[in-house]
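**Q** Please find the sequence and the predicted model below.
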Amino acid sequence: MDIAVPEEVRSGTIRTAALGRVQAVTVESEPQVARRTRRLISCADNENYVVVKLLSRGGARVEQDARDSVVRPGQLFVYDMARPISLALPEPFQTKSLVLPRTVLGLGEADVARITATPLGAESAIGGLLSPFLSQLVDSAESCPEPAGELVARNVVDLLTVLADERRGADTLESPSGSRVLLTRIRAFIDGNLSDPDLTPEVVARAHHISVRYLHKLFEGEGITVSRWIQRRRLEECRRALARRDATRTTVAAVAHRWGFTSASHFSRVFRAAYGQSPVDWRDSAAAALGAPSARPAEGNQGAHREAA
């Protein structure tokens, strides 16, 4: 970005925190104008990011994709780092943003272009949900536990996808938008109940007052079955837990049980199938990278204890 500030501007603050692959950013500053030109884009390596920005204080004017919009406090807007943008902030301001890799967003460039530089606030149903949600998420990002923060950020991504669907002019009741809203709730429910070994498609469907058949239909668009989705999310949480610095203080079996696996041997098989190595090897390689001691038993006892190590 090429940033210009008046001579009297003396200070500003930028705070960042990671939410998995998503970055939460708060900026407080005096007036400035930021531009991203084609020349700057060609010289940078961050064009694969989309920014969702909430204007908390001050005023703004944003230009991208042939749109020139005035943004008021409490409104949010989206811009794409892959295309030129101009953002003018003529008075002291505060913004709160989520910086999303395009791969996380799951939208093509044409879909993102439908929602850029368009102010959204309480007058929009999606904006009314997103604005306070994004504000609280960014404020709590530094203290938010790693898995929970990434899960909440994923819900922001899902709402943005709904917004892009609506911009296509689709009927929100029977379109992919309506289904995606329901799917967002279902995935949040699954994430909140991963530790329950009795979590099944029947339990999920009953909790959302839909049939199991319709539940499976919703997941057809994801290219995965409900059961496989549950298993994949459990594996992701186990893999993340085993990569923590303190992971060597507990057993692989204990981590597996914590996230809903009832059999340590079954967990080891599906973990190896998903990631190409055993959970013990993954934990030990992560511990070595962090400089933590390995929990692998002595060579003579390795065979007897490897599964539960």
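**A** Sure thing, it's come through. Quick caveat: nothing in here was measured; it's all calculated off a predicted structure. Numbers count the residues shown, from 1 in each chain.
**Q** Quick check: buried residues in stretch 115-132?
**A** Judged by neighbour count (16 or more other Cβ atoms under 10 Å), stretch 115-132 contains these buried residues: 115-121, 124, 126-127, 129-131. (Glycine included, C-beta is placed from N, CA and C.)
**Q** what separates that stretch from the chain centre, distance-wise?
**A** Taking Cα atoms, centre = their mean, to the nearest Å, the mean C-alpha location of stretch 115-132 is offset from the chain mean by 18 Å.
**Q** hang on, the earlier thing: going by distance to A207, which of the buried residues of stretch 115-132 wins?
**A** Nearest to A207 among the buried residues of stretch 115-132, counting by Cβ to Cβ, is L129 at 20.8 Å.
**Q** Helices of the stretch 151-300 of the chain, residue ranges please.
**A** For the stretch 151-300 of the chain, the helices defined by DSSP state H, counting those that start in this stretch occupy 176-192, 201-207, 212-220, 226-242, 252-258, 264-275, 279-290.
**Q** For R154, find the nearest of those.
**A** When those are compared by Cβ to Cβ, helix 176-192 sits nearest R154, at 7.6 Å.
**Q** which strands and helices sit next to that closest one?
**A** Secondary-structure packing of helix 176-192 (3 or more Cβ pairs under 8 Å, 6 or more residues apart in numbering; DSSP states H and E): helix 146-167, helix 201-207, helix 212-220, helix 226-242.
**Q** Could you dump those helices into a markdown table and include mean pLDDT, distance to A274 and mean neighbour count?
**A** Below are the helices and strands packed on helix 176-192 laid out as a markdown table (pLDDT from 0 to 100; distance: least, Cβ to Cβ, whole Å; neighbours: other Cβ atoms under 10 Å):
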| stretch | mean pLDDT | distance to A274 | mean neighbour count |
| --- | --- | --- | --- |
| helix 146-167 | 70 | 17 | 20 |
| helix 201-207 | 92 | 20 | 16 |
| helix 212-220 | 87 | 18 | 14 |
| helix 226-242 | 93 | 5 | 19 |
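**Q** Can you convert these into CSV and add a column each for distance to R180?
**A** Putting the helices and strands packed on helix 176-192 into CSV (distance: least, Cβ to Cβ, whole Å) gives the following:
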stretch, distance to R180
helix 146-167, 5
helix 201-207, 16
helix 212-220, 9
helix 226-242, 15
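**Q** Which stretch among the ones you listed approaches G108 most closely?
**A** Proximity to G108 (Cβ to Cβ) singles out helix 146-167 among the helices and strands packed on helix 176-192, at 9.3 Å.
**Q** Now do the buried residues in stretch 251-263.
**A** 251-253, 255-257, 259-261.
**Q** That should have said stretch 54-69, apologies.
**A** Buried residues in stretch 54-69, counted by 16+ other Cβ under 10 Å: 54-56, 58-60, 62-65.
**Q** And for stretch 8-20?
**A** 17, 19-20.
**Q** possible to save those as TSV with distance to R233, pLDDT and secondary structure?
**A** Shown next, in TSV, are those (distance: Cβ to Cβ, whole Å; pLDDT from 0 to 100; DSSP: H, G, I helix; E, B strand; the rest coil):
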residue	distance to R233	pLDDT	secondary structure
A17	23	92	strand
L19	17	86	strand
G20	13	81	coil
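**Q** between those residues, which is closest to E91?
**A** Taking Cβ to Cβ as the measure, E91 lies nearest A17 of those, at 26.0 Å.
**Q** What distance do you get for the closest residue to the closest one other than its chain neighbours to P279?
**A** Closest residue to A17 apart from its sequence neighbours, by Cβ to Cβ, 6 or more residues apart in numbering: A141 at 3.7 Å. Taking Cβ to Cβ, to the nearest Å as the measure, A141 falls 29 Å from P279.
**Q** which one of the two has more residues nearby?
**A** Each of A141 and P279 has its neighbours counted (other Cβ atoms under 10 Å); P279 has more, 27 against 23.
**Q** residues in contact with that one?
**A** P279 makes contacts with 238-239, 242, 252, 255-256, 267-268, 271-272, as judged by Cβ atoms under 8 Å, 6 or more residues apart in numbering.
**Q** Burial check on V27, number of neighbours?
**A** Residue neighbour count, defined by other Cβ under 10 Å, stands at 18 for V27.
**Q** Partner strands of the strand or helix carrying it and their direction?
**A** Taking DSSP states H and E as the criterion, the element that holds V27 is strand 22-29. With DSSP bridges as the test, strand 22-29 is paired with strand 12-19 (antiparallel), strand 93-101 (antiparallel).
**Q** next SSE after the last one?
**A** Following the chain from strand 93-101 toward its C-terminal end, the next helix or strand by DSSP H and E is helix 102-105.
**Q** centre of the chain versus that next one, how much separation?
**A** Centroid separation for helix 102-105 versus its chain: 9 Å, with Cα atoms, centre = their mean.
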